[in-house]
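> Take this sequence and fold it.
(one chain, ligands or ions: 2)
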Amino acid sequence: MKKLLLPVLFILLPFYLFSINISVRIYESDSIKNILLAPQSGSYLLIADGKLIDTITTANVFEIKDKDSLLVLRSLKGELGKFNSIQLKECRPDCSFNIKISLERTIRLYNDNIQISNTGGYLKMINMVELEHYIAGVVECEGGYNKSTEFYKAQAIICRTYALNNLAKHLGEYYELCDAVHCQVYKGMGDIPAITEAVESTKGLVIADSLKHLIDAAYFSNCGGYTLNSEDVWGRRFSYLHAVKDTFCMNQLHARWEKLFTLPDWNNYLDKKESALTKTDTRGEAYWDSIPEEKRVYLYDKGYLIPLKDIRMDLNLHSTYFKVIKKDNVITLRGRGNGHRVGFCQEGAMRMGQLGYTYLQILNFYYQGIQVTNYSALPLQAY
Ligand SMILES: [Zn+2]
Ligand SMILES: [Zn+2]
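Ligands and ions are numbered 1, 2, ... in the order given. You can find the predicted model right below:
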């Protein structure tokens, strides 16, 4: 008997490791007092304050709303009680449920389980979701429609790597990831078949560095022609986040932008900014009408070096890659790219996918010295 057990364990172990459930706070940025909740497929255990209330199916709809910092639960037949927490727990894998927020027209569909509690008079909703289900939803939000399969595969591997590498981002808040830009945008179950296929065909694959650690899988919309070194943007060097010349994104949607300011507004901004800085030496070139240097990280003005990333944040610019054009009383910032420009350029990768590059070629173009591997092959502390 013992002799049989060991091989069986070895066979089962990889499958066990493939399945990871994560907790994602949904509607994170909304203040919600009232929702409708209904199973979409399969059956669920309805549990309130740890006690089983009922087993429910697609015929059931519930209203949950805040009252005096408790959750009032109502079915179509009437009120079922007031509770601190309410949970839908799927009876078998791959069930799904709908949520409708009272003030929103759209209904969102989510996979797997949900747990609802009340924090300060608002509903706090945590989706306990299988990792691959979550990845399909995220790729849809972050990657969009009508892209090539190879792009979707690359994006899925990046989103999976990012998720597993950031499970401690909300440590102390009793969930692992939020559904906003702070983590990765996630609005429930994906419904694009090409994305579902790309997620399934790359199931479990992540990106690791040469030491078998998950990489910081940074990505953004469009680099404008050059990506940046991580150390020039974030002050920290990563061996796989090196600047690359990227011609693939040059004619894509977010390749170019312009923003106009009056000369007084622009000068006011620079004066205010410079008063907070220490004057540097007088070397450097005037920035007026100059061709932007692709890896430049400072704007030079009257002996001051102003970090471009500060200017981008202050003035809400698409990127730090721009030149300054002065004409009469108008300043035009003429820029390229969209995003922080470190790592994976999504629009360049989309174009690479169209041109027939594989997801491995795409990933190796934007991240250097990496390996794409199943996360079950990594040391446990790596994720
Ligand atoms: Zn977050
Ligand atoms: Zn690019």
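
> Next, count neighbours for Thr262.
The local packing of Thr262 (other C-beta atoms under 10 Å) involves 11 other residues. Just so you know, the C-beta spots here come from the backbone N, C-alpha and C atoms, and that holds for glycine as well.

> What distance do you get for the residue lying closest to it once chain neighbours are set aside to Trp266?
Spatial nearest neighbour of Thr262, chain neighbours left out: Asn329 (6.0 Å); criterion: C-beta to C-beta, 6 or more residues apart in numbering. For Asn329, the distance to Trp266 equals 10 Å [C-beta to C-beta, to the nearest Å].

> hang on, the earlier thing: quick one: contacts for the residue nearest to Thr262?
The contact partners of Asn329, by C-beta atoms under 8 Å, 6 or more residues apart in numbering, come to Thr262, Leu263, Pro264.

> Tell me how far Ile32 lies from Arg25.
Distance, Ile32 to Arg25, using C-beta to C-beta: 12 Å.

> where do the contact lists of those two overlap?
With C-beta under 8 Å, 6+ apart as the test, Ile32 and Arg25 both reach Met125.

> how about the helices in the stretch 51-200 of the chain?
Listed in chain order, the helices of the stretch 51-200 of the chain (DSSP state H, counting those that start in this stretch) span 131-143, 149-165, 193-201.

> possible to save the ones you listed as CSV with distance to ligand 2, mean pLDDT and mean neighbour count?
Formatted as CSV, the entries for those read as follows, by distance: least, C-beta to the ion, whole Å; pLDDT from 0 to 100; neighbours: other C-beta atoms under 10 Å:
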stretch, distance to ligand 2, mean pLDDT, mean neighbour count
helix 131-143, 15, 96, 24
helix 149-165, 13, 97, 25
helix 193-201, 21, 96, 18
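
> before we move on, the earlier item: need the contacts of Asn329 in TSV with pLDDT and secondary structure, can you?
Shown next, in TSV, are the contacts of Asn329 (pLDDT from 0 to 100; DSSP: H, G, I helix; E, B strand; the rest coil):
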residue	pLDDT	secondary structure
Thr262	96	strand
Leu263	93	helix
Pro264	93	helix
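
> Grab the nearest non-local neighbour of Gln354.
Spatial nearest neighbour of Gln354, excluding adjacent residues (C-beta to C-beta, 6+ apart): Ser148 at 5.5 Å.

> again, but for Gln252
Taking C-beta to C-beta, 6+ apart, and ignoring the residues beside it in sequence, Gln252 has Glu347 as its nearest neighbour in space, at 3.7 Å.

> same check, this time on Tyr367
Spatial nearest neighbour of Tyr367, excluding adjacent residues (C-beta to C-beta, 6+ apart): Tyr240 at 4.5 Å.

> Does Val297 touch Thr320 like I think?
Yes - Val297 is within contact range of Thr320, at 7.2 Å (criterion: C-beta atoms under 8 Å).

> what sits in contact with each of those two?
Joint contacts of Val297 and Thr320 (C-beta under 8 Å, 6+ apart) are Leu228, Val233, Leu308, Lys309.

> okay, the last one: pLDDT?
Looking at Lys309, its pLDDT reads 86.

> which residues does it contact?
Residues in contact with Lys309 (C-beta under 8 Å, 6+ apart) are Val233, Val297, Thr320, His340.

> Find me the pLDDT at the third one, would you?
Reading off the per-residue confidence, Thr320 sits at a pLDDT of 89.

> And it, how far from ligand 2?
14 Å (C-beta to the ion, to the nearest Å).

> now do the last one
Counting by C-beta to the ion, the separation of His340 from ligand 2 is 12 Å.

> how about the nearest residue to that residue, chain neighbours excluded?
Among residues not flanking His340 along the chain, Phe220 sits closest, at 5.3 Å (C-beta to C-beta, 6+ apart).

> I'd say the one you found and Gly348 touch.
No - counting by C-beta under 8 Å, Phe220 stays clear of Gly348, with 10.2 Å between them.

> residue contacts, the residue nearest the centre of the chain?
With distances taken as C-alpha atoms, centre = their mean, Gln184 lies nearest the centre of the chain, 1.9 Å away. The contact partners of Gln184, taken as C-beta under 8 Å, 6+ apart, are Val138, Cys141, Glu142, Cys159, Tyr162, Ala163, Leu177.

> Mind doing that once more with 6 Å?
Gln184 is in contact with Val138, Cys159, counting by C-beta atoms under 6 Å, 6 or more residues apart in numbering.

> Next: Ser85.
Ser117.

> Which strand residues bridge it?
Applying DSSP bridges to Ser85 gives these bridge partners: Ser117.

> Put together CSV for the helices of the stretch 51-200 of the chain, with distance to Leu171 on each row.
As requested, these are exported to CSV (distance: least, C-beta to C-beta, whole Å):
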stretch, distance to Leu171
helix 131-143, 18
helix 149-165, 14
helix 193-201, 27
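
> count of residues packed around Cys223?
By other C-beta under 10 Å, the residues close to Cys223 number 34.

> Let me know the pLDDT of it.
pLDDT for Cys223: 95.

> hang on, isn't it packed against Asn338?
No - checked against C-beta atoms under 6 Å, the pair Cys223 and Asn338 is beyond contact range at 8.5 Å.

> ends of stretch 340-356, how far apart?
Stretch 340-356 stretches 26 Å from its first residue to its last (C-alpha to C-alpha, to the nearest Å).

> Residues in contact with that stretch: which ones?
Contacts to stretch 340-356, defined as C-beta under 6 Å, 6+ apart, come from residues 147-148, 150-151, 154, 158, 218-223, 227-228, 230, 233, 241, 246, 248-249, 252, 362, 366.
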